[in-house]
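> Predicted model follows, preceded by the sequence.
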Amino acid sequence: MTRYTDLIVEAANRLQDADVPNPDIDAWELFAFAFRMDKKEYLMRMSEEAKDEEGVARYAEAIDLRCKRIPLQHITGEQGFMGLTFHVNEDVLCPRQDTETLVEVALQRLLPGMHVLDLCTGSGCILISLLALAQDITGVGVDISEKALIVARENAWINRIDAEFLQGDLFAPVKGERFDMIVCNPPYIPSAVIPKLMPEVRDHEPRQALDGDRDGLAYYRKITAQAHKYLKRGGYLIFEIGIGQRDAVAQMLFMNGYRDMICYRDYSENERVMLGRLE
Ligand code: GLN
């Protein structure tokens with residue numbers, strides 16, 4: 001007899017053999033997805049015979065995909081972020097825990113009535129979280145990828161959030177508008193580093209959302225050069241940054257008229273968010 005617990009052990013072994021990082025965690029997550037079982041139900045039923053044939057088939061298929069290094073979130077179709085649930089697919093970067101730091105920094109500065117721009121919005125997770133968690137603000141999300149915006153609009157709908165998502169290159173769709181805050185998690189991986197990323201990221205996430213050109217800083221340059229035209233005086237420009245990018249980004253902000261720069265670390269202690277205030 002095959003028990004539910006045996007299925008998880010066997011799946012974890014298969015994932016381990018396929019060099020999947022965190023095989024135990026992924027074996028559990030995909031189990032919960034395939035059998036639609038939460039931890040509490042599993043703990044009560046783990047020694048029962050696994051009679052749910054559809055679930056068994058779904059689980060086997062999910063583990064096959066994960067062994068091919070398909071991202072976990074593409075198999076389950078969702079990712080949690082800031083306590084909300086976001087739909088994801090290969091057209092958007094999966095929401096990362098690191099990016100919650102950017103949302104938390106923005107939340108500290110948002111006041112009722114403020115208007116926020118989220119550039120390179122992707123799945124929309126940053127803007128939608130801000131609109132869900134801050135009181136009485138409005139926001140616009142922009143992305144160059146129409147396919148990403150389909151996901152972002154779906155995420156707004158799933159989370160019952162009223163957000164505007166516009167297609168275009170950086171500031172092009174918001175010409176003439178002024179915001180109290182601009183937040184942005186741009187592509188910031190240097191092009192030469194991309195081939196060395198994990199296969200999940202390298203082969204299954206959109207390169208357009210990762211590639212920050214030769215030194216990874218191309219979007220910070222373009223955005224800091226233009227953002228003052230779209231920010232109110234005293235407004236905040238808040239970036240997610242990659243490892244080692246702090247000084248270069250702080251310098252760009254300074255040269256473009258921003259002051260009071262603060263760098264924040266994420267939960268892994270990496271310098272992850274840079275904030276500047278327009279003079
Ligand atoms: N932090 C992401 C990664 O390491 C990259 C995100 C980005 O380029 N904005 O995969």
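Everything's here; your move.

> quick one: low-confidence ranges for the protein?
Counting by pLDDT under 70, not a single residue of the chain qualifies.

> Spell out which residues of it are next to the ligand.
R96, D98, N185, P186, P187, Y188, I189, V201, L210 (Cβ under 6 Å from any ligand atom). To be clear about C-beta, it is placed using only N, CA and C from the backbone, and glycine gets the same treatment.

> which of those sit farthest apart?
P186 and V201 (16.0 Å; Cβ to Cβ).

> Comparing those two, which residue is more hemmed in?
More crowded of P186 and V201, by other Cβ atoms under 10 Å: P186, with 21 against 17.

> Take the residues of the chain next to the ligand and write them to CSV, including secondary structure.
Formatted as CSV, the residues of the chain next to the ligand follow (DSSP: H, G, I helix; E, B strand; the rest coil):
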residue, secondary structure
R96, coil
D98, helix
N185, coil
P186, coil
P187, coil
Y188, coil
I189, strand
V201, helix
L210, coil
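
> which one of those has the most neighbours?
In terms of neighbours by other Cβ under 10 Å, the residues of the chain next to the ligand top out with N185 at 27 neighbours.

> for that residue, phi and psi?
Backbone torsions for N185, taken as degrees, to the nearest 10, come to phi -110, psi 90.

> Contacts only, for it.
Neighbour list for N185: T99, L102, C120, G122, I126, F239, E240 [criterion: Cβ atoms under 8 Å, 6 or more residues apart in numbering].

> Give the helix, strand or coil label for the closest residue to the fourth one other than its chain neighbours.
I take that to be G122. Excluding the flanking residues, the one nearest G122 by Cβ to Cβ, 6 or more residues apart in numbering is V92, at 4.5 Å. The three-state assignment at V92 reads coil, by three-state DSSP.

> before we move on, the earlier item: just the residues of the chain next to the ligand now: which is nearest I161?
Distance to I161, by Cβ to Cβ, is smallest for N185 among the residues of the chain next to the ligand, at 18.0 Å.

> Return the set of buried residues in stretch 82-99.
Neighbour counts over stretch 82-99 (16 or more other Cβ atoms under 10 Å) mark 82, 84, 86-89, 91-96, 98-99 as buried.

> for the residues you listed, which one is nearest D266?
Among the buried residues of stretch 82-99, D98 lies closest to D266 (Cβ to Cβ), at 4.5 Å.

> measure the closest one to T224 for me?
Distance of D98 to T224, computed by Cβ to Cβ, to the nearest Å: 21 Å.

> returning to that earlier point: for the residue nearest to G122, what are its contacts?
By Cβ under 8 Å, 6+ apart, V92 lies in contact with G122, S123, A148, V151, A152, P206, A209.

> most centrally placed residue in the chain?
Centroid check for the chain by Cα atoms, centre = their mean gives P95 as the closest residue, at 2.0 Å.

> Need the three-state assignment for that one.
Under three-state DSSP, P95 comes out as coil.

> Without its sequence neighbours, what residue ends up closest to I70?
H204 (6.3 Å).

> now swap in R207 and tell me
Closest residue to R207 apart from its sequence neighbours, by Cβ to Cβ, 6+ apart: I194 at 6.7 Å.

> Repeat that for A250.
M261 (4.9 Å).

> For G141, see how far away that neighbour is.
The gap separating M261 from G141 is 25 Å, by Cβ to Cβ.

> Please say which of these two ends up with more neighbours.
Set M261 next to G141 and count neighbours by other Cβ under 10 Å: G141 wins out with 30 against 16.
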